[in-house]
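Trainee: structure for the following, please:
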Amino acid sequence: MGEQKAAVRAVLAAARAEGRTALTASEGKLVADAYGIPTPAEGLAECADDAVSLADRIGFPVALKIASPDILHKTDAGGVRIGLGSAAEVRGAFTAIVQNAKAYDPAARITGVQVQQMVPEGQEVIVGSVTDPTFGKIVAFGLGGVLVEVLKDVTFRLAPASADDARSMLDGIRAAEVLRGVRGAPPADRAALTGLIVRTSQLAADFPEIAEVDLNPVFASADGVMAADVRVLLSDGIAPARRRYSREEILTAMRRLMEPRSVAVIGASNEPGKIGNSVMRNLIDGGFPGEIHPVNPKADDILGRKAYKTVGEVPGAVDVAVFAIPAPFVPAALEEAGRKGIPNAVLIPSGFAETGEHALQERIVALGEEYGIRLLGPNIYGYYSPWQDLCATFCTPYDVRGPVALTSQSGGIGMAILGFARTTRTGVSAIVGLGNKSDVDEDDLLTYFGEDDHTECIAMHLEDLKDGRAFVEAARETVRKKPIVVLKAGRTSAGAKAAGSHTGALAGDDAVYDDILRQAGVIRAPGLNDMLEYARALPVLPTPRGDNVVIITGAGGSGVLLSDALVDNGLRLMEIPKDLDAAFRRFIPPFGAAGNPVDITGGEPPSTYEATIRLGMEDPRIHALVLGYWHTIVTPPMVFAELTVRVVEEFRARGIEKPVVASLAGDTEVEEAAAYLFAHGVVAHPYTTEKPVAALGAKYRWARAAGLLT
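Mentor: Next up is the predicted model:
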């Protein structure tokens with residue numbers, strides 16, 4: 001591959017030396033040939049006679065395309081003619097193309113006309129690569145030609161992509177069935193398409209100076225693939241790499257942040273209503289067992305604790321300095337903390353980049369790097385570490401310990417997280433504000449939470465990622481052990497308007513985030529409540545051992561809605577074997593319905609619910625249960641809840657664990673019953689068929705991503 005890379009490097013260097021940001025068609029073919037990207041036979045004609053001679057050698061029919069470094073969209077310029085079957089047609093097309101190009105852009109440099117072999121018929125697809133500001137090099141695949149503009153049926157992966165990634169892309173577009181052959185058409189050569197995606201992604205990854213690669217259209221047939229057009233765009237410059245920390249460095253810093261022995265509060269205050277007072281009270285009232293050192297140059301004593309004029313005067317080592325002072329005073333205090341050797345700074349104040357003060361934020365980042373201080377924030381509400389009895393925030397305290405770690409960029413979202421946790425009694429291992437993310441961000445916390453014994457599920461609200469690749473690396477490592485739920489705010493395609501190719505125009509922000517997060521194994525939540533509900537449900541649900549889901553319901557209408565919800569969440573209703581169907585029928589009335597859903601009807605006593613649930617738990621062919629309860633006096637809500645819990649716990653004690661979720665329809669009594677079920681390992685919701693099934697779907701998505709379910 002060394003010689004091929006050298007050839008491409010020479011082509012790129014020549015183009016950049018001329019100040020060009022696009023390769024010519026002939027240069028594009030040289031690059032394609034070097035990476036084994038199939039393209040038609042072609043040649044450059046400088047006059048009509050050359051064009052006819054080339055067409056004779058290549059073989060009719062041929063296509064003609066204008067060759068100009070200044071005309072990227074050849075069709076728009078009238079610079080393309082196809083299906084030319086004779087010398088006369090080639091002569092006429094050559095003259096027309098040159099005239100059209102000169103009329104389109106009189107200043108354009110025209111190097112000639114490309115004479116190209118007509119591509120064999122096949123399904124038109126697009127393969128390309130762009131440089132995403134968050135994730136770097138990504139590869140794209142979708143339907144090509146006119147359809148790519150209309151349907152935008154495209155999927156993305158990080159580059160370089162593996163063969164498995166490429167195969168998942170072929171199946172990841174909505175029109176995947178077209179590639180398998182429809183209405184008698186032969187299927188496209190999947191191996192050839194897979195190889196093309198892999199090679200294109202490798203080309204982009206090998207050369208940072210390549211901004212975009214656009215193969216459109218690519219004709220995919222049963223006999224292989226061929227790229228009819230190759231467009232390569234170059235970047236003006238290569239962005240500087242973000243500073244990276246090793247995994248060991250991240251874990252060392254994050255452990256001291258989340259599990260500190262000593263905390264200093266810079267800007268601590270005796271005055272109620274001050275942020276420094278609220279932070280001090282939360283630390284003290286929360287029962288933090290470590291040392292708490294208030295720092296204030298105007299006080300000797302704060303809330304019964306000795307105060308220090310500067311953080312440098314604090315005796316002994318300090319793990320975390322919480323800053324509760326105005327933004328302009330932060331750099332000097334941060335420098336003092338650096339000289340003290342404090343490894344973590346929690347920057348609560350606003351007034352940095354979010355208000356346009358970019359220079360001030362750059363200054364604290366530089367100080368952090370100079371002194372080896374990791375910065376959390378600025379512009380945050382602080383953070384909670386309940387297993388350490390640590391409440392380092394100016395907001396309301398929360399101390400219910402549990403398995404869920406929650407992070408947010410926004411303070412408002414952070415407080416919504418807090419309120420939800422309080423209302424649902426969700427136990428948390430951490431709640432962390434990230435704010436401007438001047439330094440510490442999601443990949444640092446993912447690395448820590450992935451190793452934290454108290455954390456079983458991680459949920460993150462984010463508006464952007466500073467380093468998408470670092471996030472994906474941390475997520476892939478963590479997802480193998482525990483689920484990650486992400487709420488990505490902002491679904492607009494802000495970057496597409498400036499793109500120079502089809503691939504670039506299709507790579508909108510949200511489309512890329514959606515596919516890359518899925519590639520990383522992350523569960524993307526559609527909304528805030530969904531993220532929070534997934535986060536509290538996933539640690540409760542056992543990991544399923546197969547795809548067979550059975551619905552048992554007391555109401556036919558609920559069964560239909562639950563079935564719809566299953567399909568919407570990528571789950572599969574089990575096809576009930578005859579013997580299992582007969583077993584269910586023994587417990588339900590003649591006017592009920594077995595099959596799937598199993599409709600036991602609404603007037604049945606508790607024994608019918610118990611018998612059918614017991615059968616669902618006992619049969620090893622059933623891997624998950626969805627229960628639809630209908631409130632009746634015959635089987636009151638709490639009776640249903642208690643019998644369900646009793647059966648599930650009995651089987652759990654026997655080593656038989658399956659995910660069980662429940663939808664409860666009825667009067668207000670179902671609320672208490674749902675809470676009781678949730679508290680005992682059955683994810684249950686009143687008044688909705690969607691939420692419990694969505695939680696089950698999230699568990700299945702994680703199990704597949706973690707390789708626990710094939």
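Trainee: where does the prediction get shaky in the stretch 351-500 of the chain?
Mentor: Judged by pLDDT under 70, the stretch 351-500 of the chain has its weakly predicted residues at 491-500.
Trainee: again, but for the stretch 51-200 of the chain
Mentor: Under the criterion of pLDDT under 70, the regions of the stretch 51-200 of the chain flagged as low confidence span 145-151.
Trainee: which residues does Leu179 contact?
Mentor: Neighbour list for Leu179: Gln123, Val125, Leu170, Pro187, Ala188, Arg190, Leu193, Ala220 [criterion: Cβ atoms under 8 Å, 6 or more residues apart in numbering]. From N, CA and C alone the C-beta is placed, and that goes for glycine too.
Trainee: now for these, which pair is the farthest apart?
Mentor: Taking Cβ to Cβ as the measure, the contacts of Leu179 span a maximum distance of 12.9 Å, between Val125 and Pro187.
Trainee: what about Ala87, distance to Ser221?
Mentor: Ala87 sits at a distance of 28 Å from Ser221 (criterion: Cβ to Cβ, to the nearest Å).
Trainee: what does Met531 give?
Mentor: When Cβ to Cβ is the yardstick, Met531 and Ser221 sit 44 Å from each other.
Trainee: quick one on the thing from earlier: so between Val125 and Pro187, which is more surrounded?
Mentor: It is Val125, of Val125 and Pro187, that has more neighbours when counted by other Cβ atoms under 10 Å, with 31 against 15.
Trainee: tell me which stretches of the stretch 251-400 of the chain form helices.
Mentor: For the stretch 251-400 of the chain, the helices defined by DSSP state H, counting those that start in this stretch cover 275-285, 330-340, 358-371.
Trainee: how about the longest one: buried residues?
Mentor: So the one you mean is helix 358-371. If you call a residue buried by 16 or more other Cβ atoms under 10 Å, then helix 358-371 has these buried ones: Leu360, Gln361, Arg363, Ile364, Val365, Leu367, Gly368, Tyr371.
Trainee: keeping just the C-alphas, turn that helix into PDB.
Mentor: In PDB, the C-alpha atoms belonging to helix 358-371 read as follows (Å, rounded to 0.1, in the frame of the first residue of the first chain):
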ATOM      1  CA  HIS A 358     -13.800  33.400  24.900                       C
ATOM      2  CA  ALA A 359     -10.400  34.800  25.800                       C
ATOM      3  CA  LEU A 360     -11.200  34.400  29.500                       C
ATOM      4  CA  GLN A 361     -12.100  30.800  29.000                       C
ATOM      5  CA  GLU A 362      -9.000  30.200  26.900                       C
ATOM      6  CA  ARG A 363      -7.000  31.700  29.700                       C
ATOM      7  CA  ILE A 364      -8.300  29.200  32.300                       C
ATOM      8  CA  VAL A 365      -7.800  26.300  30.000                       C
ATOM      9  CA  ALA A 366      -4.200  27.300  29.500                       C
ATOM     10  CA  LEU A 367      -3.700  27.600  33.200                       C
ATOM     11  CA  GLY A 368      -5.300  24.200  33.700                       C
ATOM     12  CA  GLU A 369      -2.900  22.600  31.200                       C
ATOM     13  CA  GLU A 370       0.100  24.400  32.700                       C
ATOM     14  CA  TYR A 371      -0.600  23.300  36.200                       C
END
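Trainee: what's the angle from that helix to helix 330-340?
Mentor: Regarding helix 358-371 and helix 330-340, their directions subtend 0 degrees when assessed with axes from the mean of the first three to the mean of the last three Cα atoms, to 10 degrees.
Trainee: ok now helix 358-371, how far from the chain's centre?
Mentor: Here helix 358-371 shows a centroid-to-chain-centroid distance of 29 Å under the convention Cα atoms, centre = their mean, to the nearest Å.
Trainee: neighbouring contacts of it?
Mentor: Applying Cβ under 8 Å, 6+ apart, the contact partners of helix 358-371 are 243, 327-328, 330-331, 334-335, 337-339, 345, 347, 351-353, 373-375, 378, 436, 438-439.
Trainee: returning to that earlier point: so how do I select the buried members of the contacts of Leu179 in ChimeraX?
Mentor: In ChimeraX syntax, the buried subset of the contacts of Leu179 is picked out as below (16+ other Cβ under 10 Å):
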select :123,125,170,188,193,220
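Trainee: out of the contacts of Leu179, list just those in helices.
Mentor: For the contacts of Leu179, membership in helices holds for Leu170, Arg190, Leu193, with DSSP state H as the criterion.
Trainee: residue contacts, the last one?
Mentor: Residues in contact with Leu193, defined by Cβ under 8 Å, 6+ apart, are Val125, Val127, Phe141, Ala166, Leu170, Leu179, Ala220, Val225.
Trainee: just the ones of the residues you listed in strands?
Mentor: Secondary-structure check on the contacts of Leu193 using DSSP state E: residues within strands are Val125, Val127, Phe141, Ala220, Val225.
Trainee: what residue lies at the spatial centre of the chain?
Mentor: Leu517 (2.1 Å; Cα atoms, centre = their mean).
Trainee: contact partners for the residue nearest to Leu23 when sequence neighbours are not counted?
Mentor: If the residues on either side of it in the chain are set aside, Leu23 comes closest to Val232, at 4.3 Å by Cβ to Cβ, 6 or more residues apart in numbering. With contact set as Cβ under 8 Å, 6+ apart, Val232 has these partners: Ala22, Leu23, Glu27, Gly28, Val31, Ile210, Glu212, Val213, Asp214.
Trainee: pull the residues that contact stretch 594-614.
Mentor: Counting contacts by Cβ under 8 Å, 6+ apart, the residues outside stretch 594-614 that touch it are 550-556, 559-560, 562-563, 573-576, 581-582, 584-585, 587-589, 591-593, 625, 627-630, 632, 634-635, 639-640, 643-644, 647-648, 660.
Trainee: which of those residues count as buried?
Mentor: By 16+ other Cβ under 10 Å, the contacts of stretch 594-614 give 550-556, 559-560, 562-563, 573-574, 576, 584, 587-588, 592-593, 625, 627-630, 632, 635, 640, 643-644, 647-648, 660 as buried.
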